[in-house]
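return a 3D structure for these sequence lines:
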Amino acid sequence: MGSSSRTSYVLIGTGNRCEMYLTAIFGEHSDVAELVALADTNQGRIEYYQDVVEQTFGEKVGSFDPQDLAKVIRERRIDRVIITSPDYTHAELICTALYAGADVIVEKPLTIDAPSTARIARAVEESGHQIVVTFNYRYSPRNTALKKAIDDGKIGQVTSVDFNWMLDTVHGADYFRRWHRLKENSGGLLIHKSSHHFDLVNWWLDDSPQKVFATGGLKFYGPDNAEFRGRQANERGTHGLSDKDPFDLDLRSDERLEKLYLENEHFDGYRRDQGVFNGEITIEDNLSLTAEYQNGPVLSYSLNAHSPWEGYRVAVNGTEGRLELDVVERAAVLPAAGGHPVDPSYSNDGQSGNARSKGERLLLQRHWEEAVEIQIENSNGSHGGGDKLLLEELFRGANEDGYARQAGFIDGVRAIAVGICGNQSLETRQLVDVGSAGLGVDVSVQPKVKV
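Below you'll find the predicted structure:
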């Protein structure tokens, strides 16, 4: 049980995302937060982070079996549960925590399909407890700057959004090495990755999706595509020095990945470095989607997971002009071989070249006027200082600055609603109505009055 001045937490899921929360709880927010224990199905990864905590902060943290979550919450009087486990486990853990009497912080996505969404909706209503979904892109200064320009009426009433996201051959390929490669585990990229992007659109517009149509497929990764192009298909990236492929991830090349994953394979057999051109892959790597919004705007979205550079382009069209946000997070994958599978928005390996360099630019062009650049005010830290603000809001309460960045349960549902309906559309080749998708909750917003 936490002291009267500190909120007590347990954390489930000791993969890569775990460390950000541990650093925050034992570091800057230790005066208001207390981590009671860690849980995972892999004992080796628990021990890895227990050692990290002890070596870095001089503290010891306990552990428990995830199946004992309800018992731990009740006996230790846990206030909040942080969930950073694989997507397909979210619904069970969220519902268990809510019914046991704790609030929940969960990494995006909230869950992966309509039935589990409806299950969570029932648990929220019946338990009276709350969920926060950690959409860290809301906290990035460039995305806030775009929202401010929209909210300030710089382009009048929004009519449409064009949104293109490029995942490169390091970061994008990584979803095809891990558990994400099976749609039953992750919901595919339309849910696991694109929920970030759909949440941004929902937040920028303060609106809710109503109808969705999607198309796409596995066009680049997977054994069939490799065979068609005549390229090798290694079973895993960590192997002998011969026949290395640029897409191989050798876990021995990164001490942290080696200790966290390679040395703990014997506990559960999980391979972090599966070959992207080998074995079963049921998710798509090229996707296009159109969504109609309640208040009128239309979203045109695309995702490519094998781009030679990483970043995104957003254009917001309005009745009085247009806003354009161009972001290059990694200008090139150099050298191509292997590479640390990190989201470049967290790192400084963006690369620079003559034709493309890491950077960001927000332009406003009103009708009958020349384009002007809107300055983006970044601070220190990943995502331009956005992650620091995210953690402050998680552990100290939401910031009353008018941007409402902290995402709750309904925000989490709205974000995955586009992907869930998109997956249904991929199967049926039909337009899908969000209201009939079986989400178990009404995600509509208060209608805006046109002026």
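
show me the contacts for Asn423.
By CB atoms under 8 Å, 6 or more residues apart in numbering, the contact set of Asn423 is Asp113, Lys183, Gly187, Gly188, Leu190, Ile191, Ala214. Where C-beta positions appear, they are placed from N, C-alpha and C, glycine not excepted.

put the alpha carbons of the helix or strand hosting it into PDB.
For Asn423, the host element (DSSP states H and E) is helix 409-428. The C-alpha trace of helix 409-428 is given here as PDB (Å, rounded to 0.1, in the frame of the first residue of the first chain):
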ATOM      1  CA  PHE A 409     -11.300   5.500 -22.200                       C
ATOM      2  CA  ILE A 410     -13.500   7.000 -24.900                       C
ATOM      3  CA  ASP A 411     -10.400   8.600 -26.500                       C
ATOM      4  CA  GLY A 412      -8.800   5.100 -26.600                       C
ATOM      5  CA  VAL A 413     -11.900   3.600 -28.200                       C
ATOM      6  CA  ARG A 414     -12.200   6.300 -30.800                       C
ATOM      7  CA  ALA A 415      -8.500   5.700 -31.800                       C
ATOM      8  CA  ILE A 416      -9.000   2.000 -32.300                       C
ATOM      9  CA  ALA A 417     -12.400   2.300 -33.800                       C
ATOM     10  CA  VAL A 418     -10.900   3.500 -37.100                       C
ATOM     11  CA  GLY A 419      -8.500   0.500 -37.100                       C
ATOM     12  CA  ILE A 420     -11.200  -2.000 -36.000                       C
ATOM     13  CA  CYS A 421     -13.600  -0.800 -38.700                       C
ATOM     14  CA  GLY A 422     -10.600  -0.700 -41.200                       C
ATOM     15  CA  ASN A 423      -9.900  -4.400 -40.500                       C
ATOM     16  CA  GLN A 424     -13.500  -5.200 -41.000                       C
ATOM     17  CA  SER A 425     -13.500  -3.300 -44.300                       C
ATOM     18  CA  LEU A 426     -10.300  -5.200 -45.400                       C
ATOM     19  CA  GLU A 427     -12.300  -8.400 -44.900                       C
ATOM     20  CA  THR A 428     -15.600  -7.400 -46.400                       C
END
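
what residues of it count as buried?
409-426 (16 or more other CB atoms under 10 Å).

output the lowest mean pLDDT helix or strand found in the chain.
Lowest on mean pLDDT, DSSP states H and E among the helices and strands of the chain sits helix 386-396, with a mean of 91.

mind listing residues that contact that one?
Here helix 386-396 has contacts from 7, 20, 24-25, 28-29, 32-33, 105, 132, 134, 136-141, 143, 379-381, 399, 405-406, using CB under 8 Å, 6+ apart.

residue ranges with poor pLDDT in this structure?
Counting by pLDDT under 70, the ranges of the chain that qualify are 1-4, 241-242, 335-340, 347-350, 380-385, 447-451.

one more time with 80
For the chain, the stretches flagged by pLDDT under 80 are 1-4, 240-244, 335-353, 379-386, 446-451.

could you measure the residue of it most remote from its centre against Asp162, distance?
Here the chain reaches farthest from its C-alpha mean at Trp368, the gap being 38.4 Å by CA atoms, centre = their mean. Going from Trp368 to Asp162 by CB to CB, to the nearest Å gives 22 Å.

what of Asp285?
Counting by CB to CB - Asp285 and Asp162 are separated by 21 Å.

same thing with Thr41?
For Thr41 relative to Asp162 (CB to CB), the value is 41 Å.

now Gly230
Taken as CB to CB, the span from Gly230 to Asp162 is 36 Å.

could you do Gly386 as well?
23 Å.

same check, this time on Met20
Met20 sits 31 Å away from Asp162, going by CB to CB.

could I get the full set of strands for the stretch 301-450 of the chain?
310-318, 321-330, 359-366, 372-374, 432-433 (DSSP state E, counting those that start in this stretch).

now mean neighbour count and distance to Arg74 too, for those, in CSV please.
CSV is the format used below for the strands of the stretch 301-450 of the chain (neighbours: other CB atoms under 10 Å; distance: least, CB to CB, whole Å):
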stretch, mean neighbour count, distance to Arg74
strand 310-318, 21, 44
strand 321-330, 21, 43
strand 359-366, 16, 47
strand 372-374, 12, 50
strand 432-433, 18, 40
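
make CSV from those strands and add distance to Leu289 to it.
Shown next, in CSV, are these (distance: least, CB to CB, whole Å):
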stretch, distance to Leu289
strand 310-318, 14
strand 321-330, 19
strand 359-366, 24
strand 372-374, 27
strand 432-433, 11
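
picking that back up, quick check: phi and psi at the residue farthest from the centre of the chain.
When read as degrees, to the nearest 10, the backbone of Trp368 gives phi 70, psi 20.

cheers, nothing more for now.
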